[in-house]
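[1] sequence unavailable; structure follows:
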Ligand SMILES: Cc1cc2nc3c(=O)[nH]c(=O)nc-3n(C[C@H](O)[C@H](O)[C@H](O)COP(=O)(O)OP(=O)(O)OC[C@H]3O[C@@H](n4cnc5c(N)ncnc54)[C@H](O)[C@@H]3O)c2cc1C
């Protein structure tokens with residue numbers, strides 16, 4: 001046995017949105033009375049995806065579990081003031097329900113319609129629009145090549161993602177979570193249990209349960225330390241801001257047929273794209289903006305779709321990393337492999353911020369009571385990774 005400097009019932013590695021949502025949900029779970037330690041290696045969060053995100057929420061997924069997660073997500077975001085207030089002081093994350101608009105040419109219309117049926121079945125408020133309706137509702141679009149569009153009337157939009165992370169963290173601390181700035185450098189595995197963690201500072205902490213919410217690169221490294229490798233890799237994404245001269249009414253989060261996305265942000269817009277060659281991965285250390293992406297790919301496509309964007313003023317840009325699950329672009333949530341007391345929430349592949357409320361709640365239920373209660377997240381479980389059975393999400397941005 002290694003000697004321990006401290007002991008906690010739950011040790012969470014990674015204190016950004018996922019770790020903090022879990023800490024909050026655990027400490028507000030009536031079935032849980034333990035002590036929670038959140039180990040975060042960088043309290044400035046400058047490289048955390050949670051701080052570099054486009055912070056948007058959609059219901060337009062193809063997997064029912066993702067739609068259910070987002071239905072709870074939007075409810076949580078709408079009522080965040082009541083849920084995460086501290087001493088009457090309510091956080092404000094500036095939620096704007098501007099909707100997502102997915103566009104389709106003839107080639108993509110069938111899949112849009114199939115997804116729409118799933119979304120309707122799950123109770124998402126999505127309208128399927130034909131070319132005529134598209135032109136009427138979004139007159140600034142070039143729609144000659146479009147056959148259909150799918151628009152979120154309510155329940156979709158954008159918000160202050162950094163604000164959400166901070167609101168979770170503050171509330172978790174007010175409920176007793178202990179946050180320390182340190183790095184989980186290794187774990188102590190004894191049989192089917194993780195009994196403690198070794199921190200970079202040299203401290204050792206014993207744990208009743210261990211949770212890996214360490215993001216794009218961190219989660220992969222910690223999973224390996226636990227002896228349960230995961231196919232999660234860091235993928236760089238650049239986000240570009242710009243201003244247009246013309247005011248465009250009711251601009252949603254637009255997903256163009258080219259795969260480029262664009263949405264309002266303040267007085268202007270932000271946009272990004274999925275690169276044609278998306279196979280390359282890095283170690284989550286490259287934060288240089290890929291400027292040619294805007295000049296060569298994004299702007300030409302946007303100007304072709306929206307003539308008012310032919311004249312724009314580019315602004316600042318930043319880059320962050322998706323924690324991309326290369327098996328199926330869906331999160332891996334739940335128990336880690338054959339370990340009895342270790343849990344994972346990683347591989348969110350670009351939709352983790354909106355999933356943080358439901359995933360934090362679900363993991364808290366699993367840890368406190370041994371099973372999911374309010375929403376079954378087992379479709380996202382590790383078993384599919386072990387058996388190589390992907391849960392394919394068709395709507396990935
Ligand atoms: C450009 C971009 C746009 C995005 N747009 C959206 C969007 O519109 N909507 C959406 O829902 N999602 C979006 N995402 C994805 C979303 O931001 C992430 O899925 C989500 O923030 C992941 O949260 P996390 O807490 O799991 O990871 P992170 O925010 O990456 O946090 C992980 C934390 O773990 C810490 N850490 C790592 N290793 C260790 C260790 N060994 N010990 C201690 N701490 C450690 C890190 O310092 C970090 O703070 C986007 C992401 C990017 C990069």
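    That came in fine, so what should we check first? Computed from a prediction, not measured in an experiment: that's the story for all the values here.

[2] low-confidence regions, the stretch 151-300 of the chain specifically.
    276-282 (pLDDT under 70).

[3] contacting residues around residue 353?
    Residues in contact with residue 353 (C-beta atoms under 8 Å, 6 or more residues apart in numbering) are 17, 49, 50, 53, 55, 56, 57, 161, 164. No exception for glycine: its C-beta is placed from N, CA and C like everyone else's.

[4] one more time with 10 Å
    Taking C-beta atoms under 10 Å, 6 or more residues apart in numbering, we find residue 353 in contact with 16-18, 21, 49-50, 53-57, 73, 77, 158-159, 161-162, 164-165.

[5] can you narrow those to ones near the ligand?
    Residues of the contacts of residue 353 in contact with the ligand (C-beta under 6 Å from any ligand atom): 16, 17, 18, 49, 50, 53, 54, 55, 56.

[6] switch these over to a markdown table; also include pLDDT.
    Listed next are these as a markdown table, based on pLDDT from 0 to 100:
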| residue | pLDDT |
| --- | --- |
| 16 | 98 |
| 17 | 98 |
| 18 | 98 |
| 49 | 97 |
| 50 | 98 |
| 53 | 97 |
| 54 | 97 |
| 55 | 98 |
| 56 | 98 |
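
[7] which of the residues you listed sits closest to residue 381?
    Residue 381 lies nearest to residue 18 out of those, by C-beta to C-beta, at 16.1 Å.

[8] before we move on, back to that, tell me the buried residues within the contacts of residue 353.
    16-18, 21, 49-50, 53-57, 73, 77, 158-159, 161-162, 164-165 (16 or more other C-beta atoms under 10 Å).

[9] inside helices: which ones of these?
    17, 18, 21, 49, 50, 73, 77, 161, 162, 164, 165 (DSSP state H).

[10] which members of those residues are the farthest-apart pair?
    49 and 77 (17.7 Å).

[11] what residues does the stretch 1-150 of the chain have near the ligand?
    Applying C-beta under 6 Å from any ligand atom, one finds that the stretch 1-150 of the chain approaches the ligand through 13-14, 16-19, 39-42, 45, 48-50, 52-56.

[12] try 5 Å
    Proximity of the stretch 1-150 of the chain to the ligand, by C-beta under 5 Å from any ligand atom, involves residues 13-14, 16-18, 39, 41-42, 48-50, 52-54, 56.

[13] which pair in the residues you listed has the greatest spatial separation?
    Largest pairwise distance in these, by C-beta to C-beta, is 28.7 Å, between 39 and 56.

[14] quick check: closest non-adjacent residue to residue 341.
    residue 209 (4.6 Å; C-beta to C-beta, 6 or more residues apart in numbering).

[15] the closest residue in space to residue 52 that isn't next to it in sequence: how many residues sit nearby?
    For residue 52, ignoring the flanking residues on the chain, the nearest one in space by C-beta to C-beta, 6+ apart is residue 320 at 2.9 Å. Counted with other C-beta atoms under 10 Å, the neighbours of residue 320 add up to 22.

[16] from the ligand, how far out is residue 320?
    Taking C-beta to the nearest ligand atom, to the nearest Å as the measure, residue 320 falls 3 Å from the ligand.

[17] how about that residue, secondary structure?
    Three-state secondary structure (criterion: DSSP: H, G, I helix; E, B strand; the rest coil) places residue 320 in strand.

[18] do the same with the one 4 residues further on
    Classification of residue 324 using three-state DSSP returns strand.

[19] and the stretch 151-300 of the chain, which residues reach the ligand?
    Taking C-beta under 5 Å from any ligand atom as the measure of proximity, the stretch 151-300 of the chain contacts the ligand at 183, 184, 214, 215, 218, 237, 239.

[20] what is the neighbour count of residue 313?
    10.

[21] pretty sure it contacts residue 240?
    No: counting by C-beta atoms under 10 Å, residue 313 sits too far from residue 240 to count as a contact (11.7 Å).

[22] for the protein, which segments are assigned as helices?
    17-27, 49-52, 64-78, 80-83, 106-121, 131-137, 161-174, 215-225, 291-292, 299-305, 352-369, 383-387.

[23] wait, which of those is closest to residue 254?
    Of these, nearest to residue 254 by C-beta to C-beta is helix 299-305, at 7.7 Å.

[24] in that closest one, what's buried?
    Going by 16+ other C-beta under 10 Å, helix 299-305 has these buried residues: 299, 301, 302, 305.

[25] pick out whichever of those residues sits closest to residue 173.
    Among these, and counting by C-beta to C-beta, the member closest to residue 173 is residue 302, at 41.5 Å.

[26] distance of the closest one from residue 314?
    Separation of residue 302 from residue 314 (C-beta to C-beta, to the nearest Å): 12 Å.

[27] overlap in contacts, these two.
    Common neighbours of residue 302 and residue 314 (C-beta under 10 Å, 6+ apart) are 242, 294.

[28] which one of the ones in helices among the buried ones among the contacts of residue 353 is nearest to residue 150?
    Nearest member of these to residue 150, counting by C-beta to C-beta, is residue 73, at 18.7 Å.

[29] and for residue 170, the neighbour number?
    Taking other C-beta under 10 Å as the criterion, the count of residues near residue 170 is 17.

[30] I'd say it and residue 24 touch.
    Yes: applying C-beta under 10 Å as the test, residue 170 and residue 24 come out as touching, 9.2 Å apart.

[31] what touches both of those two?
    84, 177.

[32] gap between the spatially most central residue of the chain and the ligand?
    Central residue of the chain (C-alpha atoms, centre = their mean): residue 352, 1.2 Å from the mean position. Distance, residue 352 to the ligand, using C-beta to the nearest ligand atom: 2 Å.

[33] contacting residues for that residue?
    Each residue near residue 352 by C-beta under 10 Å, 6+ apart is listed here: 16-18, 49-50, 53, 161, 213, 215-216, 322-323, 331, 345-346, 359.

[34] cool, residue 144 as well?
    Here residue 144 is in contact with 105, 131, 135 (C-beta under 10 Å, 6+ apart).
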